[in-house]
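**Q** Let's see this in three dimensions:
(chains A and B)
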Amino acid sequence: MSNSTRCAACKSLRRRCPQDCTLAPYFPSTNPQRFACVHKIFGASNITKMLQQLPVHQRAVAADCISFEASSRVRDPVYGCVGIITQLHQLILVAQRELAEIQGQVALYGAQQGQEQKRMAQSQVHQYNGPIWFTTSQQDPPHLD
Amino acid sequence: MAKGKQSSVNGRKNLTVRKEMMMKGGQECRSSSSCAACKSLKRRCSPNCIFAPYFRAHEARKFARVHKVFGASNVSKILAEVPEEHREDTVNSLAYEAEVRLRDPVYGCIGAIALLQAQMLQLQHDLAIVRARLARYNAATSRAVPVPLLPAAALPGFPISDAMRSQTLLQGHRSLCTQEYQQQNEKGDDFQ
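**A** Below is the predicted model:
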């Protein structure tokens, strides 16, 4: 017995699509391009073997990941999705450097502010002592009669 | 007469020695000219074999991984489409992808991408906090210091759901993403 509508894989491979076709749930006829990429890069038999080795509940995710890898490789035949990994590594390095730089600036400002506050506190203590001493000295001088 | 006999004996000896040398040399030529791909596929390695420069005789496991995941004919077609100066990079990236896929048959390289994306999101979050703190300091000291801004552009890669990201993190893909792992792979350490 075959499916009334063949999946994209069986259509592409020009064969009957059986009821228990391994690829049918993950390569519907509505998206022939998806299977075309996967077939070009991995090959239909490799995909079938890879999916058959997995438990059924993991096959959908695996098919999505394999499709993404295949389409990345079609777009960039030299690096494929490894190019994305390299790009992300570079972005992470740049972000880490920037974070370290800004954290350094923040630490510097924090230290400077702390020093200023200390200086302000010390200068306030001196002003308090001055007037009392000055007033005392300006008290009426002893009369010499 | 004796001289003639001696010379013919010597001649036969020389012929035997020459034959042995030719056979040895021929065997050496045959084994040294076969690349890992042709050895694995049990075929004669032609002088213009497309695999030979990139899968040397001692790199049998590298070819085995690539053959298992992609298939030799697909790899040959991919290499044929790529200019010669880029073929080494192509083979290395295919080898890396194959190794990762064999280690993780479900997520493959997408697991590594998910981990790096999560790391990048965390860094962007930390940067936003630290930039805000710096802006407050600048406002307080009324210094107009320009803060370099990393554009918060979309991250390259797979549109990964939170569930997939957490699943791949649980599976411990950290080791796949480090520079040390990539360097190790380039050195040609065998995948066990």
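**Q** Is there a neighbour count for residue B:110? I'd like the number.
**A** Applying other C-beta atoms under 10 Å in any protein chain shown, we find 28 residues neighbouring residue B:110. (Each C-beta comes from the backbone N, C-alpha and C, glycine too.)
**Q** my bad, should have said residue B:106
**A** Taking other C-beta under 10 Å as the neighbour definition, residue B:106 ends up with a count of 22.
**Q** Likewise for residue B:74?
**A** 20.
**Q** Can the strand or helix carrying residue A:112 be said to contact chain B?
**A** Secondary structure from DSSP states H and E places residue A:112 in helix A:82-137. Yes - where contact is defined by C-beta under 8 Å from any C-beta of the partner chain, part of helix A:82-137 touches chain B, namely A:82-85, A:87-89, A:91-92, A:94-96, A:98-99, A:102-103, A:105-106, A:109-110, A:113.
**Q** Buried among those residues? Make that a ChimeraX selection.
**A** Buried subset of those, written as a ChimeraX selection, criterion 16 or more other C-beta atoms under 10 Å in any protein chain shown:
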select /A:82,83,84,85,87,88,89,91,92,95,98,99,102,105,106,109
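**Q** What ranges in chain B fall below the confidence cut-off?
**A** Judged against pLDDT under 70, the low-scoring parts of chain B cover residues B:1-32, B:142-192.
**Q** Let me see the domain layout of it.
**A** B:18-103, B:107-141 (automatic domain parsing).
**Q** out of those, deepest packed?
**A** Between the domains of chain B, domain B:107-141 has the highest mean count of neighbours, a mean of 18, where neighbours are mean count of other C-beta atoms under 10 Å in any protein chain shown.
**Q** does chain A sit close to it?
**A** Yes - if you take C-beta under 8 Å from any C-beta as the test, domain B:107-141 does meet chain A, through B:107-110, B:112-113, B:116-117, B:119-120, B:123-124, B:126-127, B:130-131, B:133-134, B:137, B:140-141.
**Q** Kindly state the pLDDT recorded for residue A:116?
**A** According to the prediction, residue A:116 has pLDDT 81.
**Q** repeat for the one 5 residues further on
**A** Listed pLDDT for residue A:121 reads 81.
**Q** try residue A:45
**A** 94.
**Q** now do the one 3 residues further on
**A** pLDDT recorded at residue A:48 is 95.
**Q** my guess is it is in a strand, correct?
**A** No - note on residue A:48: no strand contains this position according to DSSP: H, G, I helix; E, B strand; the rest coil, which reports helix.
**Q** How much space separates it from chain B?
**A** Taken as C-beta to the nearest C-beta, to the nearest Å, the spacing of residue A:48 relative to chain B amounts to 12 Å.
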